[in-house]
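Participant: got a sequence here, can you model it:
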Amino acid sequence: MIAINETLFDETTHSPSLIDLVGYAQAHKIVDFCFIANPYYPTEAMVAELARNLPELIRHYPSSNPLVSARHLAAVLHVEPAHLIIGNGATELITELCHRLVSTLGVPIPTFGEYIEKVDAARLRLYPLQVAENYQLDLKAYLTWVHREGLHSALVINPHNPTGQLFTLPEMHAFLTDARDLDLVIVDESFIDFASEEIPSLLHTADQYENLVLVRSMSKHCGVPGLRLGYCYSRSERILGQLRDSLPTWNLNTLAEFYLSLLPSTDADYQASRLRVLQDVRWLSTALAQVAGVTAYPTGANFVCFRVDTGMTARQLQRRLLVEHGLYVRDCSNKAGMDRFHIRVASQGRENDQRLVAALTQVLHAA
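Facilitator: Predicted structure coming up:
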């Protein structure tokens, strides 16, 4: 049995850090399915290179020229570096977008909590998704509501967090075309690299929309949440200018900058890791759909959201999987707009995913 600091669950709208919950000594024994990140990248060679250079990196200031790192990232994204802004995690950029560019914002819920926590109530309108419809978002109905409410900005997360719902490129283009009258459309594509073999991102067609900003967290697809890296892409000088003005000169540390410099030479490794995750999550999604007592939602991300149908709450299931099996899953009941019966799990490699499915089956059947 694993002892946990239970009070931490009530102190955040995110998942408490595993280290905070169980301590450093126990954390390495637990598989963290809350951790929505690529388990196969960075490669061991990249980590060794980071470690080798650490003594020098911590003794130098980061670059004062953001284009230096932007050029490394642009080389693997195949975009213009001048249209990229790299942040100290996507959350830094989300915060600045919400504080500086949003007058009023429509947000479908449940969602990633930062988008509703960084906008004050007077500027925020929530669009509740329905549990009877498995929290699926209808883009046309949503935009009709945005216009009816007289809102100036709208958010779409694709694939959606926490459900994994994926919108096709034609669906997104139709939405963006009809939303041209808005001041700002935020499209968060933090999980889009795991949607399919060919990545259905707006990145290479975003220049068609002056009011569009794409947000992406590198924690997810690059597997480096501790380095705090994310970026925005837009063609709008208005959007880019305000974001640049809001960020401090040294918002990235030298370790994060060095990591970015490794991306062009390791892009083939990244693409191989991405495809491996894609196969793992497809296996996990299929396996969860066969577990009696849960309803697994289709996913276009590297995670699967499922509803517990046995009467056991998500909180109860989360605690039993953690304490009895050493598996930490995301209880979504603290997400605004979501009920008490939904769990989200990110693929952590085939062997760990198999452990999860076996433990989930055991816990639910024992109940």
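
Participant: going forward, measure contacts and count neighbours with C-alpha atoms only.
Facilitator: OK.

Participant: those helices in the stretch 201-350 of the chain, which residues are they?
Facilitator: Shown for the stretch 201-350 of the chain, the helices assigned by DSSP state H, counting those that start in this stretch span residues 218-222, 237-246, 254-262, 267-289, 314-325, 350-366.

Participant: show me what contacts residue 62?
Facilitator: 250, 252, 253, 254, 257 (Cα atoms under 8 Å, 6 or more residues apart in numbering).

Participant: re the thing from before, most tightly packed of the helices of the stretch 201-350 of the chain?
Facilitator: helix 218-222 (a mean of 23; mean count of other Cα atoms under 10 Å).

Participant: quick revisit: reformat the helices of the stretch 201-350 of the chain as TSV; add mean pLDDT.
Facilitator: Output for the helices of the stretch 201-350 of the chain, formatted as TSV (pLDDT from 0 to 100):
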stretch	mean pLDDT
helix 218-222	91
helix 237-246	95
helix 254-262	97
helix 267-289	97
helix 314-325	95
helix 350-366	95
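
Participant: is residue 327 bridged to anything, and to what?
Facilitator: Per DSSP bridges, the residues bridged to residue 327 are residue 31.

Participant: give me the below-cutoff pLDDT ranges for the stretch 51-200 of the chain.
Facilitator: When residues are selected by pLDDT under 70, none of them lie in the stretch 51-200 of the chain.

Participant: just the helices in it please.
Facilitator: Using DSSP H, counting those that start in this stretch, helices in the stretch 51-200 of the chain cover 66-77, 90-96, 114-117, 139-148, 169-178.

Participant: what is the distance between stretch 190-208 and the centre of its chain?
Facilitator: The chain centre lies 14 Å from the centre of stretch 190-208; the measure is Cα atoms, centre = their mean, to the nearest Å.

Participant: what of stretch 360-367?
Facilitator: Using Cα atoms, centre = their mean, the offset of stretch 360-367 from its chain centre is 29 Å.

Participant: shift numbering so it begins at 834
Facilitator: Done: numbering now begins at 834, and the last item shifts to stretch 1193-1200.

Participant: what's in contact with it?
Facilitator: 1124, 1125, 1126, 1143, 1150, 1153, 1154.

Participant: from residue 918, how far off is the nearest residue to residue 908 once chain neighbours are set aside?
Facilitator: Excluding its sequence neighbours, the residue lying closest to residue 908 (Cα to Cα, 6 or more residues apart in numbering) is residue 1097, at 6.3 Å. Distance of residue 1097 to residue 918, computed by Cα to Cα, to the nearest Å: 18 Å.

Participant: those two: which has the busier surroundings?
Facilitator: residue 918 (22 against 16; other Cα atoms under 10 Å).

Participant: what residues are up against that one?
Facilitator: Residue 918 touches 899, 903, 1064, 1065, 1066, 1073, 1076, 1077, counting by Cα under 8 Å, 6+ apart.

Participant: I'd like the residues you listed as JSON lines, with distance to residue 934 appended.
Facilitator: Formatted as JSON lines, the contacts of residue 918 follow (distance: Cα to Cα, whole Å):
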{"residue": "899", "distance to residue 934": "21"}
{"residue": "903", "distance to residue 934": "22"}
{"residue": "1064", "distance to residue 934": "16"}
{"residue": "1065", "distance to residue 934": "13"}
{"residue": "1066", "distance to residue 934": "15"}
{"residue": "1073", "distance to residue 934": "10"}
{"residue": "1076", "distance to residue 934": "9"}
{"residue": "1077", "distance to residue 934": "12"}
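
Participant: which one of the residues you listed sits closest to residue 865?
Facilitator: Using Cα to Cα, residue 1064 is the member of the contacts of residue 918 that sits closest to residue 865, with 24.8 Å.

Participant: neighbours around the closest one, how many?
Facilitator: 23.

Participant: bridging across strands, which residues link to it?
Facilitator: Bridge pairing for residue 1064 - DSSP bridges - gives residue 919, residue 1049.

Participant: roughly how far apart are it and residue 1012?
Facilitator: Counting by Cα to Cα - residue 1064 and residue 1012 are separated by 23 Å.
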